[in-house]
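Engineer: only geometry, no sequence info:
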């Protein structure tokens, strides 16, 4: 039997605990203003994570961790496209000998944690759980334990919400962009700048759009301020994120 509702009424950590402790299999879809994330459960374990944000996809995370290259991602995607039996991108990478299952495990755990963080720091959202007899022929999912990942994501979100009020504002600098400066930006800096260009006006909103943790985001914003691309200010009155 499936269930659905608002994340404001039933905390995400409680939903995950129920699915894990009861060994459920199926798909949990979490919809928030900036993304839609689907967690596939197999007997209470997270088997896969999908997100509409390219930065939370398994291939991008493996590139970030230095395990594969962009060319490897393209090769695996092409192979996956011509063989409908290959349902998980990570499995294709393993078959090609580009990564090990342990490396996939690490990336999936990071993907899961980043997705939870993004949801936890953002107000609102809905969830839908649809039972399904999911079948995986790999022991990989048996190694992903939900509890420590959830606890760490909750800790990161609590720290973020405690130190970054919604009134910590960021904005584009008045000075025109210098093309040479833009060429020197790393991926994280481009993500943050793009979030501001797309309408994010607070650090809270930037975190929600990028899924980056508080410490890392602080460093990235500070670098963009030093480059003269962003301005940053904190209003005298600080307020917590909405319930």
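Structural biologist: Sure thing, it's come through. As the structure is a computational prediction, the values presented were derived from the model and not from experiment.

Engineer: is the residue located most distally from the centre of the chain in a helix, a strand, or coil?
Structural biologist: Counting by C-alpha atoms, centre = their mean, the extreme residue of the chain relative to its mean C-alpha position is residue 175, 31.9 Å from that point. Using DSSP: H, G, I helix; E, B strand; the rest coil, the structure places residue 175 in coil.

Engineer: on the pLDDT front, check it for me.
Structural biologist: In the predicted model, residue 175 carries a pLDDT score of 78.

Engineer: now swap in residue 31 and tell me
Structural biologist: Residue-level confidence at residue 31 comes out at 90, pLDDT.

Engineer: how many neighbouring residues does it have?
Structural biologist: 16 (other C-beta atoms under 10 Å). All C-beta atoms are positioned from the backbone trio N, CA, C, and that covers glycine.

Engineer: and it, its phi and psi?
Structural biologist: Listed backbone geometry of residue 31 is phi -110, psi 120, with angles given as degrees, to the nearest 10.

Engineer: ok, it to residue 232 distance?
Structural biologist: If you measure residue 31 against residue 232 using C-beta to C-beta, to the nearest Å, the figure is 30 Å.

Engineer: cool, residue 193 as well?
Structural biologist: For residue 193, the distance to residue 232 - C-beta to C-beta - is 13 Å.

Engineer: more neighbours, the two?
Structural biologist: More neighbours surround residue 193 than the other of residue 193 and residue 232, with 22 against 15 (other C-beta under 10 Å).

Engineer: and the next element down the chain from the helix or strand hosting residue 46?
Structural biologist: Applying DSSP states H and E as the criterion places residue 46 in strand 45-51. Next along the chain after strand 45-51, taking DSSP H and E as the criterion, comes helix 58-64.

Engineer: in that following helix, which residues are buried?
Structural biologist: Of the residues in helix 58-64, 58, 59, 60, 61, 62, 63 count as buried by neighbour count, 16 or more other C-beta atoms under 10 Å.

Engineer: quick one: mean pLDDT over it.
Structural biologist: Mean pLDDT, computed over helix 58-64, is 85.

Engineer: against which helices or strands is the helix or strand following it packed?
Structural biologist: Tracing the chain C-terminally past helix 58-64 and defining elements by DSSP H and E, one meets helix 70-82 next. If you count contacts as 3 or more C-beta pairs under 8 Å, 6 or more residues apart in numbering; DSSP states H and E, helix 70-82 packs onto helix 58-64, helix 89-95.

Engineer: what about the last one, average pLDDT?
Structural biologist: So that's helix 89-95. What helix 89-95 shows for mean pLDDT is 84.

Engineer: with stretch 210-224 instead?
Structural biologist: Across stretch 210-224, pLDDT averages out at 79.
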